[in-house]
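J.: Have a look; sequence and predicted model below, questions after that.
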Amino acid sequence: MELRHLRYFVAVAEERNFTRAAERLHIAQPPLSRQIQQLEEALGVPLFERNARPLKLTDAGRFFYSHAVQLLAQTTELESMTKRVGKIERSMSVGFVGSTLYGMLPKIIRRFRSEYPAVELSLHEMSTMDQIKALKEGRIDVGFGRIRHEDPSVRRVVLREERMIVALPVGHPLDSAKPVLSLHDLVNDTLIIFPKAPRPSYADQVLAAFHDRALQPRKIYETRELQIALGLVAMGEGVSVVPHSVYGLKRDDISYKPLDDPNLVSPIIMSMRMLDESEDIRAMQALIYRLYDEAQMEYLPPQPE
């Protein structure tokens, strides 16, 4: 006996007519009659009074009908629950720092959703340090940040090293002075850094770049986020060292200049739990490298496992 036998039987019992039941089931009448006959032979009892018009259930048929309806309802519920469980299991929570949104991350998320529609993605903006904590607590499954932080429970993959550039207000003397700038050129300006908190953050990477070269900006202005920093730059309040991906914003009140030192970079780091070998995380990582190739962007190739 198979589930289809139960469905066919219930349809005939409710329609009290083989022709209408066949139409309801979208099958021909002769195969339906054969299926019901096979069911009766398997059970060893007649389920319908064949001579009655309309069809009537026998006592055994009425008993079988009540339980068949329950079984089919339970089967439908089981199917629905299993799909929900499968959907829950194929979910991925992604943490990210705000500055990664100006690079490839939006495209990565869109493409992943397109290629893996069964995986439900949820996004959470949080600092790199908060990502580490969230990974360990199971609140996110993968994080994208910029801070190199060692933790035995977290595996890091440096995807690429993003060059830093300078954001200047249009008309700034350095805008027309030379095509490529150095950090030394910026020390007499107010340096606008972000985010102000929590730390450590991208702001500390910028400050470390100056300190490593024995440079100290004349004045430092700390602000909460990149967009505010760019707004302050546009107003002429100072200059800011930003990731190269920010150039894509192309504001008409800000000029971007490259820096002369190729070592002035900020990493894009993908973090996950050390023992997490999820197929979906591996798929996302493979997709990232594929998108980098499509965009002809430089990146650090994955290390062999």
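T.: That came in fine, so what should we check first?
J.: any idea which strand is longest in the chain?
T.: For the chain, the strand reaching the highest residue count under DSSP state E is reported as strand 154-169.
J.: got the domain boundaries for the protein?
T.: Annotated domains of the chain cover 3-88, 90-305 [automatic domain parsing].
J.: Please convert those domains to TSV, extending it with mean neighbour count and mean pLDDT.
T.: (Glycine included, C-beta is placed from N, CA and C.) Formatted as TSV, these follow (neighbours: other CB atoms under 10 Å; pLDDT from 0 to 100):
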stretch	mean neighbour count	mean pLDDT
domain 3-88	14	84
domain 90-305	17	92
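J.: What lies in contact with stretch 284-297?
T.: The contact list for stretch 284-297 (CB atoms under 8 Å, 6 or more residues apart in numbering) reads 92, 104, 107-108, 111-112, 115, 142, 157, 159-160, 270, 298-299, 301-302.
J.: how about 7 Å then?
T.: Stretch 284-297 is contacted from outside by 104, 107-108, 111-112, 115, 142, 157, 159-160, 270, 299, 302, using CB atoms under 7 Å, 6 or more residues apart in numbering.
J.: Name the pair among those residues with the greatest separation in space.
T.: By the measure CB to CB, 115 and 160 form the most distant pair in the contacts of stretch 284-297, at 21.0 Å.
J.: dump the residue contacts of the closest residue to residue 245 other than its chain neighbours.
T.: Sequence neighbours aside, residue 103 is the residue nearest to residue 245 in space, at 3.8 Å (criterion: CB to CB, 6 or more residues apart in numbering). When contacts are counted by CB under 7 Å, 6+ apart, residue 103 touches 162, 245, 268.
J.: now the strands for the stretch 201-305 of the chain?
T.: Taking DSSP state E, counting those that start in this stretch as the test, the strands found in the stretch 201-305 of the chain are 219-222, 240-243, 254-258, 265-273.
J.: Let's have these in a markdown table, adding distance to residue 234.
T.: Converted to a markdown table, those look like this (distance: least, CB to CB, whole Å):
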| stretch | distance to residue 234 |
| --- | --- |
| strand 219-222 | 14 |
| strand 240-243 | 10 |
| strand 254-258 | 5 |
| strand 265-273 | 22 |
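J.: closest to residue 60 out of the ones you listed?
T.: strand 265-273 (57.1 Å).
J.: For beta bridges, what are the partners of the residue lying closest to residue 205 once chain neighbours are set aside?
T.: For residue 205, ignoring the flanking residues on the chain, the nearest one in space by CB to CB, 6+ apart is residue 266 at 5.5 Å. With DSSP bridges as the criterion, residue 266 is bridged to residue 162.
J.: what does residue 240 give?
T.: In beta-bridge terms (that is, DSSP bridges), residue 240 pairs with residue 167.
J.: Now do the contacts for it.
T.: 167, 192, 229, 233.
J.: so which of these comes closest to residue 262?
T.: residue 167 (19.0 Å).
J.: Next, the contact list for the residue sitting furthest away from the middle of the chain, please.
T.: Here the centre of the chain is the reference, and by CA atoms, centre = their mean the most remote residue is residue 51, at 61.9 Å. Counting by CB under 7 Å, 6+ apart, residue 51 touches no other residue.
J.: mind checking the SS state of it?
T.: For residue 51, the assignment made with DSSP: H, G, I helix; E, B strand; the rest coil gives coil.
J.: can you redo the contacts of stretch 284-297 as a markdown table with distance to residue 206?
T.: Below are these laid out as a markdown table (distance: CB to CB, whole Å):
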| residue | distance to residue 206 |
| --- | --- |
| 104 | 21 |
| 107 | 26 |
| 108 | 25 |
| 111 | 30 |
| 112 | 30 |
| 115 | 35 |
| 142 | 26 |
| 157 | 23 |
| 159 | 20 |
| 160 | 18 |
| 270 | 22 |
| 299 | 22 |
| 302 | 28 |
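J.: Between the residues you listed, which sits nearest residue 218?
T.: So of those, ranked by how close each gets to residue 218 (CB to CB), first place is residue 160, at 32.1 Å.
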